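# Pasting the sequence and the predicted coordinates here, then a few questions.
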Amino acid sequence: MIVVSNTSPVCYLVLIGCEQILPSLFGEIYVPASVVAELRHPDAPPELGEWLRQPPVWLRVLPDPIVTRADGNLHPGEQAAIDLATGLQASLVLIDDRDARDIATQGGLRVIGVLGVLELAHERGLIELGAALGRLLKTSFFVSPALVRRLAAKHGVKLE
């Protein structure tokens, strides 16, 4: 299974201490170089730079692909992740931004975001969903609190 990630899923999973679920669920995660650059950006949370000092062996950084069809609504990491996923014929691409998800889906890619990754990890017994969602809500992750409450209720968990 080839899985490509944009910046946001890796970022927020690291920030809530759940990055280890990525290799448990998917094996290797491929990211374009621009995603690593965004994770190392001076404005990014310092925890990300710390984490990247010794990147895990499951994080496979590849050069950014040549952009075949640029979309002005996408950030460079989103564009590169979609193009990389397309080029690798990825089974899945991890993206949260709605515009990027729409473009990826229109391009024939299967998409999942942070919430979907957390839900899948919970279903496989890898995390306690209520605790992970509670930590996620304390970050700058842009999500409707009502959506998070619905996800917690669906699985019968309490937000912590």
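Sure, I can see it.

# Quick one: residues contacting G87.
P65 (CB atoms under 8 Å, 6 or more residues apart in numbering). Glycine gets a C-beta too; all of them are placed from N, C-alpha and C.

# Which strand or helix spans V93?
strand 92-94 (DSSP states H and E).

# Okay, I2 and L13: tell me how far apart.
19 Å (CB to CB, to the nearest Å).

# More neighbours: these two, which one.
In this view I2 and L13 are compared by other CB atoms under 10 Å, and L13 has more residues nearby, 22 against 17.

# Leaving aside the residues adjacent along the chain, what's closest to that one?
E19 (4.5 Å; CB to CB, 6 or more residues apart in numbering).

# Just to be sure, that neighbour is in a strand?
No. Using DSSP: H, G, I helix; E, B strand; the rest coil, the assignment for E19 is coil, not a strand.

# Buried residues, stretch 18-29. List them.
C18, E19, I21, L22, L25, F26, I29 (16 or more other CB atoms under 10 Å).

# contacts for the helix or strand containing the fourth one?
When you say that, I think you mean L22. Taking DSSP H and E as the definition, L22 sits inside helix 21-26. Here helix 21-26 makes contact (CB under 8 Å, 6+ apart) with 1, 3, 5, 10, 13, 29, 56, 58, 92, 117-118, 120-121, 124, 126-127.
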